[in-house]
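In: Provide a 3D model corresponding to the input given below.
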Amino acid sequence: MVAAGIVVGILGNIISILSFASPIAQFRQIVKRKSAENYNGTPYVATLLSCSLWILYGLLDPDDGLLIVTVNTAGATMQALYLVLLFIYSSKEKRVQYFEFVILDIVFFGMVLAFTLVAFGEDSRRTFTGVLCATFTLMMYAAPLATLRTTIKTKSVEYMSILLVFSLFLNGCVWFTFALLVTDIFVIVPNALGILLGSIQLIVYLKYKNSTPELSELDKGCLDKQVETRGIDIQDLNAKSNNVSTQKRTLSRLEAFPVIRSPSLSPKISTSNQQHEDDIEHGGVN
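Out: Purely as a prediction, here's the structure:
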């Protein structure tokens, strides 16, 4: 059983380290662009604290804690590296924010360490840190659930990272098996719930993978606004076209029935007629 626990623990180390290494491609792009833009580094701060607490937990269990220490040491190192890159390539405001978060991590971990060593006996220290570690692990497994409601509402898996969900599910399965073999309740409970939450997310993904996405309320509002705006534009175009056609009909009527002025009303014609009558009279007199 011990040998099987070691094998499963090593497998868990490999899977967990691969999960920790999943953001490397994104950070390559950050280094290449020399800008982190609006990349959110808060999850790495939380993971750094979680790994640090698990390291403390593993150190308090000299029998079965070695594999827990190794995987979380690797995880803490990688999270620290990610945060350094974010600190280098982020804006000044983000740098200040990340620095404050890391300081909070250090202060919180220091308080936990001091409280564990001072307030608890040797037998109770592992229990206290185990509860804290289980709580943080549950938060890690529950993090992707934020997109689950959106997926169900829109019937679209666009916002669900299937690689993250599957890696967390697989990670939970391996560490749950390890915990059963070494009988560690603080590893069993969070990973059992992690398997349950991961299964739910995988089922939702498979259900809506080929579904036709529905528009959200915001998208519907934007679409209605566009339709309304286009309807107004079409009405304006129709009104303009009607005005143009009316003007054309008016012009065509004027061309078909030109105004014929009366000769008697024309000053030039009236004058010429008067001169003609005078000539006749003079001619008749002569």
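
In: for the helix or strand harbouring residue 26, name the packing helices and strands.
Out: Element membership for residue 26, per DSSP states H and E: helix 24-33. In terms of contacts (3 or more CB pairs under 8 Å, 6 or more residues apart in numbering; DSSP states H and E), helix 24-33 is packed against helix 66-89. In short, each C-beta sits where N, CA and C put it, glycine included.

In: just the strands in the stretch 101-250 of the chain please.
Out: If DSSP state E, counting those that start in this stretch is used as the criterion, the stretch 101-250 of the chain turns out to lack strands entirely.

In: tell me where the model's unsure across it.
Out: Along the stretch 101-250 of the chain, the parts satisfying pLDDT under 70 run over 144, 146, 159, 161, 212-250.

In: would you map the helices across it?
Out: 125-142, 148-154, 162-182, 185-208, 217-256 (DSSP state H, counting those that start in this stretch).

In: who does the first one touch, helix- and strand-wise?
Out: Using 3+ CB pairs under 8 Å, 6+ apart as the contact criterion, the secondary-structure elements in contact with helix 125-142 are helix 42-59, helix 92-119, helix 162-182, helix 185-208.

In: ok, now the fourth one?
Out: Using 3+ CB pairs under 8 Å, 6+ apart as the contact criterion, the neighbours of helix 185-208 among helices and strands are helix 125-142, helix 148-154, helix 162-182.

In: turn those helices into JSON lines, columns for mean neighbour count and distance to residue 62.
Out: Converted to JSON lines, the helices and strands packed on helix 185-208 look like this (neighbours: other CB atoms under 10 Å; distance: least, CB to CB, whole Å):
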{"stretch": "helix 125-142", "mean neighbour count": "18", "distance to residue 62": "10"}
{"stretch": "helix 148-154", "mean neighbour count": "15", "distance to residue 62": "39"}
{"stretch": "helix 162-182", "mean neighbour count": "20", "distance to residue 62": "13"}
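
In: looking at the ones you listed, which is closest to residue 97?
Out: Among the helices and strands packed on helix 185-208, helix 125-142 comes nearest to residue 97, with 19.9 Å by CB to CB.

In: for that closest one, the distance to its chain's centre please.
Out: Averaging C-alpha positions (CA atoms, centre = their mean, to the nearest Å) puts helix 125-142 28 Å from its chain's average.

In: same deal with stretch 91-99?
Out: From the chain centre to the centre of stretch 91-99 is a distance of 21 Å (CA atoms, centre = their mean).

In: cool, stretch 106-117 as well?
Out: Counting by CA atoms, centre = their mean, stretch 106-117 is centred 34 Å from the centre of its parent chain.

In: that one: which residues count as buried?
Out: Neighbour counts over stretch 106-117 (16 or more other CB atoms under 10 Å) mark 109, 112, 116 as buried.

In: quick one, what contacts the first one?
Out: Read it as residue 109. If you count contacts by CB atoms under 8 Å, 6 or more residues apart in numbering, residue 109 has them with 49, 52-53, 56.

In: least confident of these?
Out: Among the contacts of residue 109, residue 49 carries the lowest pLDDT, at 90.
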